[in-house]
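Engineer: coordinates for the following, if possible.
(one chain, ligands or ions: 1)
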Amino acid sequence: MDNIKSLTGMQDHFNDGDKDNLSSKFFQVEQKIKEIFINYKLEEIRTPALEDANLFNRSVGNSSDIVNKEIYAFNDRNNKTIALRPEGTASVIRSIIEKKLDQTTHKLWYMGPMWRYERPQKGRYRQFNQAGVEILGIKEGFPEFEMISLVCSIINGFNLKNCSIKINHLGTKENKQTFCDALVQYLLPFKDSLDDKDVERLNKNPLRILDTKSEKTQALLKNAPSIKDYIDQTSIEFLKSIKDQFSDLCDIEIDYSLVRGLDYYSGFVFEAISSELGAQDSFLGGGRYDHLCKKLGGKDLPSIGMALGIERFAELINTDTSSTKTASFLIVTSNLEPKAYKIAHQLRALNKEIILDVHLSDGSLKSKLRRSNKDNADYAIIIGEDELKNNTAVIKYLKDELREQQTVTLDELYSFYKSI
Ligand code: HAM
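Structural biologist: Below you'll find the predicted structure:
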């Protein structure tokens with residue numbers, strides 16, 4: 001019988017303790033990003049993976065690639081069309097409207113898997129994970145600064161090099177429309193020389209042409225109208241002031257050709273990219289979406305948000321060499337000794353900073369110590385038959401070869417453990 005394999009573009013993340021392994025980095029990112037979010041006083045929200053498919057048609061947009069070609073939608077047993085969420089923003093807004101919380105401000109974060117039926121390649125998966133933030137109920141101004149401050153904290157918190165933040169402003173709904181019309185007028189005479197994808201974009205979502213991969217279209221766009229000429233001077237000044245405030249912390253670039261792949265954006269948009277990622281170089285993206293809540297049946301709730309692709313980001317980070325101490329707890333007795341497990345329990349309660357690994361499998365002291373060394377443990381605490389009888393334990397200093405191991409009373413063990 002054939003073995004059952006994981007689906008194309010979907011991967012397991014298995015933290016096997018090897019800190020250089022990509023999956024281990026994935027978990028490091030999740031943990032540290034969460035700390036950063038909490039530091040910004042954001043509240044967690046967790047929405048279901050499955051939603052009514054109409055939610056994404058009405059938010060992410062029918063003309064976007066995400067809804068058009070990439071959505072995982074199917075009929076359930078009741079013949080209702082449901083979809084695996086391709087992103088988190090629409091679900092957050094749906095939830096806020098449903099709970100009638102759409103008249104107040106919220107600062108929210110979430111983390112979890114998203115699904116897009118894309119052609120898998122490095123950095124592009126069919127199931128991937130995002131860490132996202134949504135600031136709801138506050139109009140343009142302070143939240144943009146908070147958002148870029150957060151992006152800088154993420155980049156600097158992980159000591160990332162070779163990356164930059166691109167920012168742009170899409171203006172008002174009307175500005176965006178006038179610019180799209182001008183772009184279409186400019187490109188229509190060249191329609192026959194555009195590839196099929198760009199012709200489709202020209203018809204359905206002209207702004208997305210600015211994201212073209214075709215060199216021919218890129219050459220044409222050099223003389224095309226620029227959004228800069230269609231937005232207010234205040235928006236241009238706003239971009240400049242964000243750049244000025246944060247450019248000592250991160251590389252920030254105003255890029256008037258930056259457009260985003262989801263239809264709900266208006267106003268300020270941004271993306272963080274890294275030259276170390278190859279073709280899929282954007283590891284974070286976001287922007288303002290002031291009209292989405294109303295469009296989904298809620299109140300007027302001006303909002304802004306962003307999401308980080310955890311897999312792409314994990315590719316960029318260096319192994320966390322933080323100084324968390326670890327100890328191995330080795331029970332070397334011929335019988336099951338409940339008292340020994342109680343000692344380990346007490347140690348854990350005394351010092352939560354230390355990772356205590358109780359070796360559960362049978363084996364000789366030698367093999368257990370070999371494993372402790374392999375796991376890079378700082379200490380081994382050894383309990384054998386004699387120690388149990390005498391209420392003592394042995395402490396072995398694994399990172400200090402010159403220091404002799406010590407037999408101590410249990411009280412001395414507790415004091416030592418507390419003081420590490
Ligand atoms: P997005 O740009 O579509 O924005 O996705 C955000 C990030 O998710 C990307 O920068 C990328 O790192 C990651 N990502 C997207 N697709 C894939 C994929 N197939 N494989 C691996 N990683 C991927 C959003 O999703 C918006 N909801 C962001 C937002 C929040 N805007 C406002 N609020």
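Engineer: name the SS class of residue 386, please.
Structural biologist: helix (DSSP: H, G, I helix; E, B strand; the rest coil).
Engineer: return the set of residues that bridge with the closest residue to it other than its chain neighbours.
Structural biologist: Counting by CB to CB, 6 or more residues apart in numbering, residue 392 is the residue found nearest to residue 386 once chain neighbours are left out, at 7.7 Å. C-betas here are computed from N, CA, C, even on glycine. Per DSSP bridges, the residues bridged to residue 392 are residue 409.
Engineer: which residues sit in contact with residue 392?
Structural biologist: The contact partners of residue 392, by CB atoms under 8 Å, 6 or more residues apart in numbering, come to 386, 407-410, 413.
Engineer: how about a cut-off of 7 Å?
Structural biologist: Neighbouring residues of residue 392 by CB atoms under 7 Å, 6 or more residues apart in numbering: 407-410.
Engineer: swap in residue 269?
Structural biologist: So residue 269 contacts 168, 170, 258, 260, 287 (CB under 7 Å, 6+ apart).
Engineer: likewise residue 67?
Structural biologist: Contacts of residue 67 by CB under 7 Å, 6+ apart are 56-57, 60-61.
Engineer: of all those residues, which comes closest to the ligand?
Structural biologist: Closest approach to the ligand among the contacts of residue 67 (CB to the nearest ligand atom): residue 60, at 8.0 Å.
Engineer: so residue 261 sits in a strand?
Structural biologist: No - under three-state DSSP, residue 261 sits outside any strand and is assigned coil.
Engineer: go ahead and confirm it touches residue 64.
Structural biologist: Yes - look at residue 261 against residue 64 with CB atoms under 7 Å: they come within range, at 5.8 Å.
Engineer: more crowded one of those two?
Structural biologist: Comparing residue 261 with residue 64 by other CB atoms under 10 Å, the one with more neighbours is residue 64, at 23 against 18.
Engineer: list the contacts for the more buried one?
Structural biologist: Listed by CB under 7 Å, 6+ apart, the contact partners of residue 64 are 205, 261-263.
Engineer: all strands for the stretch 151-300 of the chain, in order.
Structural biologist: 163-169, 251-254, 268-274, 282-288 (DSSP state E, counting those that start in this stretch).
Engineer: tell me which of these sits nearest to residue 109.
Structural biologist: Nearest to residue 109 among these is strand 282-288; the distance by CB to CB comes to 12.5 Å.
Engineer: what about the closest one, average pLDDT?
Structural biologist: In this model, strand 282-288 has a mean pLDDT of 97.
Engineer: mind checking how far it is from the chain centre?
Structural biologist: With CA atoms, centre = their mean, to the nearest Å as the basis, strand 282-288 stands 11 Å off its chain's centre.
Engineer: tell me what it is packed against?
Structural biologist: strand 268-274, strand 303-309, helix 310-316 (3 or more CB pairs under 7 Å, 6 or more residues apart in numbering; DSSP states H and E).
Engineer: now for residue 291, how many residues are close by?
Structural biologist: 17.
Engineer: need phi/psi at it.
Structural biologist: Main-chain torsions, residue 291, degrees, to the nearest 10: phi -100, psi 0.
Engineer: contacting residues around it?
Structural biologist: Per CB under 7 Å, 6+ apart, neighbours of residue 291: 173, 266.
Engineer: can you rerun that using 8 Å?
Structural biologist: Listed by CB under 8 Å, 6+ apart, the contact set of residue 291 reads 173, 264, 266.
Engineer: do the same with residue 230
Structural biologist: Going by CB under 8 Å, 6+ apart, the list of residues near residue 230 reads 171, 175-176, 178-179, 182.
Engineer: of the residues you listed, closest to the ligand?
Structural biologist: Using CB to the nearest ligand atom, the contacts of residue 230 come closest to the ligand at residue 176, 16.0 Å.
Engineer: what's near enough to touch the residue nearest to that closest one when sequence neighbours are not counted?
Structural biologist: The spatial neighbour of residue 176 that comes closest, neighbours along the chain excluded (CB to CB, 6+ apart), is residue 170 at 5.1 Å. If a contact means CB under 8 Å, 6+ apart, then residue 170 has 176, 207, 227, 231, 259, 265-269, 287 as its contacts.
Engineer: farthest pair within those residues?
Structural biologist: Farthest pair in these, by CB to CB: 207 and 268, 15.1 Å.
Engineer: more neighbours: which of the two?
Structural biologist: residue 268 (24 against 20).
Engineer: how much space separates the more buried one from residue 290?
Structural biologist: 10 Å (CB to CB, to the nearest Å).
Engineer: now whatever residue of the stretch 151-300 of the chain ends up closest to the ligand, nearest residue through space, not along the chain?
Structural biologist: The ligand sits closest to residue 285 of the stretch 151-300 of the chain, with a gap of 3.2 Å, by CB to the nearest ligand atom. Excluding the flanking residues, the one nearest residue 285 by CB to CB, 6+ apart is residue 271, at 4.5 Å.
Engineer: go on, residue 256?
Structural biologist: Using CB to CB, 6+ apart and skipping the chain neighbours, the partner closest in space to residue 256 is residue 228 (4.6 Å).
Engineer: quick one: residue 420 and residue 354 touch, right?
Structural biologist: Yes - under the criterion of CB atoms under 8 Å, residue 420 makes contact with residue 354 at 5.8 Å.
Engineer: which neighbours do these two share?
Structural biologist: With CB under 8 Å, 6+ apart, residue 420 and residue 354 have common neighbours 325, 327.
Engineer: pull out the buried positions in the helix or strand of the chain with the lowest mean pLDDT.
Structural biologist: Ranked by mean pLDDT, DSSP states H and E, the weakest helix or strand in the chain is helix 65-68, scoring a mean of 82. Residues 65-67 are the ones in helix 65-68 that count as buried (16 or more other CB atoms under 10 Å).
Engineer: and stretch 405-414, by the same measure?
Structural biologist: Here stretch 405-414 shows 408, 410, 413-414 as buried, counting by 16+ other CB under 10 Å.
Engineer: intersect these with the contacts of the ligand.
Structural biologist: The subset of the buried residues of stretch 405-414 within reach of the ligand, by CB under 6 Å from any ligand atom, is empty.
Engineer: need the residues you listed in TSV (columns: pLDDT and distance to residue 44).
Structural biologist: Compiled in TSV, the buried residues of stretch 405-414 are given as follows (pLDDT from 0 to 100; distance: CB to CB, whole Å):
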residue	pLDDT	distance to residue 44
408	97	42
410	97	40
413	97	38
414	97	35
